[in-house]
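Undergrad: With the sequence up front, the predicted model follows.
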Amino acid sequence: MVENDNLETRLAEQDVFEPPESFVEQANVTDPNIYEEFEENWPECWEGAADLLDWYDDYDQVLDDSNPPFYEWFTGGTLNASHECVDRHLSERGDEVAIEWVGEPADEADRSITYEELHREVNEFAAALRDLGVGEDDVVTMHMPMIPAHPIALLACARIGAPHSVVFAGFSAEALAERMNAADSEYLVTADGYYRRGDPLDHLSKSREGVEKVEHDVETVVVDRLGPNGDDFGHDLDEDEHDYADLVADHAGATVEPVARDAEDMLFLMYTSGTTGQPKGVKHTTAGYLAWTAWTSQAVLDVKPEDTYFCSADIGWITGHSYIVYGPLALGTTTTMYEGAPDYPAEDRFWEIVDDLDVTQFYTAPTAIRSFMKWGAEHPQRHDLSSLRLLGTVGEPINPKPWKWYYKHIGGEECPIVDTWWQTETGGHMVTTLPGVNDMKPGSAGPALPGVDARIVDGNGEEVPAGGAGYLTVQKPWPGMLRTLYKNDERFIDEYWAEYSDTDSDDPEDWVYFPEDGAKIDDEDYITVVGRVDDVVNVSGHRLGTMEIESAVVSAEGVAEAAIVGASDDLKGEVIHAYVILEDDDADEDELRERIEAAVEDQIGPIARPAKIVFTPELPKTRSGKIMRRLLEEISDGEELGDTSTLRNPDIVRNIEAEVRGE
Ligand code: WT7
């Protein structure tokens, strides 16, 4: 016990950690010169990433930067993502497991899918999609739980050159319809339901409700996940709904030649939240995205073909796309996907999976790590976690305390931790340590990756000196970057470039990418990302726009006006607080609360539900009528209030504060 206390004290005081020797000895990347070499040889340094792919036609040019910010990578090359992730591994790894699917404990339906099996099912479903009428460049939407048909559907789409657009299964009918309309998507793949904490859950009703709101006809494919356990939901398929298993059976043994896609052809769209109410359709293309996810999986996550890698994200978010499906499968490894919750049937669920499958890398979000901490070290201690070689985190800043807990109790002080900063828009990792090269500093993500020109600037775009704080920017393009916002080049420039670029220039040097995060930098160029500087809230690593939530709240009958802010939360990072003005002061507040919650769930999903709703007769506004969300945030966080002198109605903040504190 004494020894243990010493250990805790030592860990608490230590702020730099060297990569464990045992890890370095076997790491994919160990040469510290990589930073210099990439800088000197930019952009040709990315040829190595392109070499991880199996091209049909070689590319002519690494980077075409003649029309910034519409950069093109590996132009002239052709390839197919389904070939990269499946076919090319068949000769050497056909019998090896491509996907370890761990089903929700309710029905104990696990499945180890070999590359051979994955190949068969991807081909059959690709053939079926074609017969349904899906052509090259038709956008196919997915609204699916974490079941094998999900990655299979992605790869089947890629095979026939149909971009996919995945909408997180937890998103509402309204959110689904909005995204299908925006992408003009005429095809949907969904499921009858899934299991949550042992119970079957109806999902199809929500997807159907979404389809009804789509402005054009939709063909739907439905995976029967629940079997007889879903009978109570009474889902009989309509004539424009097709059973997944029937389609695959009808195409048993079919093969579909992967379509040769141009490097810059769209691989997928992913809608994400921004400052305005309208989600942004982030467009990723084939070669740059695949090269980026494959290279970072190798260099940062240290993935090797013989590994069993486990990322606990959902495929409905970019982390699942890049680091459950495309990156790991491009490298021919075994990737694990888990359908259920981390604490069902018990709080050791993940550790049981790591133990059972001999997982080598585990990649999760800080919010999950904070929960593990709260549940206690006895849960991992019940299992043999010695197969683990590397740990990762993503999605939000991680504080030193949970970092050290993760390092000690999950990694046994023998696994490096990569704290990876990136975004839906960047396609893959951008700022993180290289686990076999750099020291780790808990709380700081690390230096920018080799070849990534990340800099911290002040409000005028001037670089801040070491020790300073400001805004994170990326000053050179990179292969995994988004190419545009779907059908909206103008908004692409406005959202990501206008702030720090000379938008009239066609010199790439004048173009600077702005991810809308605040950050600090130290004297070794380690970047600590602090958080968003736009109206985006990060709830458990999920990105939600305050404007989207506001418009949902305001749509509730009886609500006159609303302001949404993110409030700090020990477990979730941030939670939603809603400040609401009612049309009628005498309205029944409990009823209104329920109505507001229902409106948010209907229009976005349960993850956006406010943790607190505060009714107030007024909102703090500037003289020009802009809501001062900063003050509301300070109230929510229980902080000292900042400057209120520019307010039109300074008294109101004191009243709101009293109301919140009084509760
Ligand atoms: C935003 C992007 C990247 C996949 C999951 C989220 C925040 C992400 C970190 C990190 C601090 C982080 C940023 C970023 N973020 N990773 N390691 N440290 N903040 O993707 O939904 O596009 O959100 O997540 O604020 O801008 P996303």
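TA: Happy to help now that I have it. Residues are numbered from 1 along each chain as shown.

Undergrad: isn't there a helix covering Val565?
TA: No. Applying DSSP: H, G, I helix; E, B strand; the rest coil, one finds Val565 to be strand, outside a helix.

Undergrad: from now on call the first residue 39
TA: Fine by me, first position is 39 from now on; the one you just mentioned is Val603.

Undergrad: Can you show me the strands along the stretch 539-688 of the chain?
TA: Under the criterion DSSP state E, counting those that start in this stretch, strands of the stretch 539-688 of the chain are mapped to 555-559, 565-570, 574-577, 580-583, 597-607, 611-620, 650-653.

Undergrad: Give me the angle between the longest one and strand 611-620.
TA: Read that as strand 597-607. Going by axes from the mean of the first three to the mean of the last three CA atoms, to 10 degrees, strand 597-607 is angled at 160 degrees with respect to strand 611-620.

Undergrad: Next, see if strand 597-607 gets close to the ligand.
TA: No. With CB under 6 Å from any ligand atom as the criterion, the ligand is not reached by strand 597-607; the gap is at least 11.2 Å. Every C-beta, even on glycine, is put in place using the N, C-alpha and C of the backbone.

Undergrad: could you say what helices and strands that strand packs with?
TA: strand 574-577, helix 584-592, strand 611-620, helix 627-641, helix 667-674 (3 or more CB pairs under 8 Å, 6 or more residues apart in numbering; DSSP states H and E).

Undergrad: closest to the ligand out of these?
TA: strand 574-577 (5.8 Å; CB to the nearest ligand atom).

Undergrad: mind listing what His417 touches?
TA: Ala384, Glu385, Asp386, Trp389, Phe410 (CB atoms under 8 Å, 6 or more residues apart in numbering).

Undergrad: related to what we said a few turns ago, any chance of the helices and strands packed on strand 597-607 in a markdown table, with mean neighbour count too?
TA: Shown next, in a markdown table, are the helices and strands packed on strand 597-607 (neighbours: other CB atoms under 10 Å):
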| stretch | mean neighbour count |
| --- | --- |
| strand 574-577 | 22 |
| helix 584-592 | 22 |
| strand 611-620 | 23 |
| helix 627-641 | 17 |
| helix 667-674 | 21 |
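
Undergrad: Would you tell me which of those gets closest to Asp288?
TA: helix 627-641 (36.1 Å; CB to CB).

Undergrad: So in terms of bridging, what pairs with Ile455?
TA: Partner residues in beta bridges with Ile455, using DSSP bridges, are Leu429.

Undergrad: that older thread, which among the helices and strands packed on strand 597-607 is found nearest to Pro404?
TA: In terms of CB to CB, the element of the helices and strands packed on strand 597-607 nearest to Pro404 is strand 611-620, at 6.8 Å.

Undergrad: Now do the closest one against strand 565-570, angle only.
TA: Put simply, strand 611-620 runs at 20 degrees to strand 565-570, going by the same axes, to 10 degrees.

Undergrad: Where do the strands of the stretch 389-538 of the chain begin and end?
TA: 399-402, 428-432, 455-458, 492-495, 507-512, 522-523.

Undergrad: can you tell me if the second one touches the ligand.
TA: Yes. Contact between strand 428-432 and the ligand, assessed by CB under 6 Å from any ligand atom, occurs at Val432.

Undergrad: Pull that strand out as PDB, backbone CA atoms only.
TA: Output in PDB follows, covering the C-alpha atoms of strand 428-432 (Å, rounded to 0.1, in the frame of the first residue of the first chain):
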ATOM      1  CA  LEU A 428      -0.700   1.700 -27.100                       C
ATOM      2  CA  LEU A 429      -3.600   3.900 -25.800                       C
ATOM      3  CA  GLY A 430      -5.200   6.800 -27.600                       C
ATOM      4  CA  THR A 431      -7.700   9.600 -26.800                       C
ATOM      5  CA  VAL A 432      -9.600  11.900 -29.100                       C
END
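
Undergrad: which other helices and strands contact that strand?
TA: strand 399-402, strand 455-458.

Undergrad: okay if I get those as CSV plus distance to Gln641?
TA: Listed next are the helices and strands packed on strand 428-432 as CSV, based on distance: least, CB to CB, whole Å:
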stretch, distance to Gln641
strand 399-402, 29
strand 455-458, 31
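
Undergrad: just so I know, which of those strands lies nearest the ligand?
TA: The ligand lies closest to strand 455-458 among the helices and strands packed on strand 428-432, at 5.0 Å (CB to the nearest ligand atom).

Undergrad: contact partners of that closest one?
TA: Contacts for strand 455-458 (CB under 8 Å, 6+ apart): 338-339, 428-432, 436, 441, 444-445, 449, 467, 469-471, 473, 478, 480, 482-484.

Undergrad: if we go to 6 Å?
TA: By CB atoms under 6 Å, 6 or more residues apart in numbering, the list of residues contacting strand 455-458 from outside reads Val338, Leu429, Gly430, Thr431, Val432, Ile436, Tyr445, His467, Thr470, Thr471, Pro473, Ala483.

Undergrad: of these, the lowest pLDDT goes to which?
TA: Taking the contacts of strand 455-458 together, the minimum pLDDT is found at Ile436 (94).

Undergrad: can you redo the helices and strands packed on strand 597-607 as CSV with mean pLDDT?
TA: Putting the helices and strands packed on strand 597-607 into CSV (pLDDT from 0 to 100) gives the following:
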stretch, mean pLDDT
strand 574-577, 91
helix 584-592, 91
strand 611-620, 94
helix 627-641, 95
helix 667-674, 90
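
Undergrad: I am finished for the moment; much appreciated.
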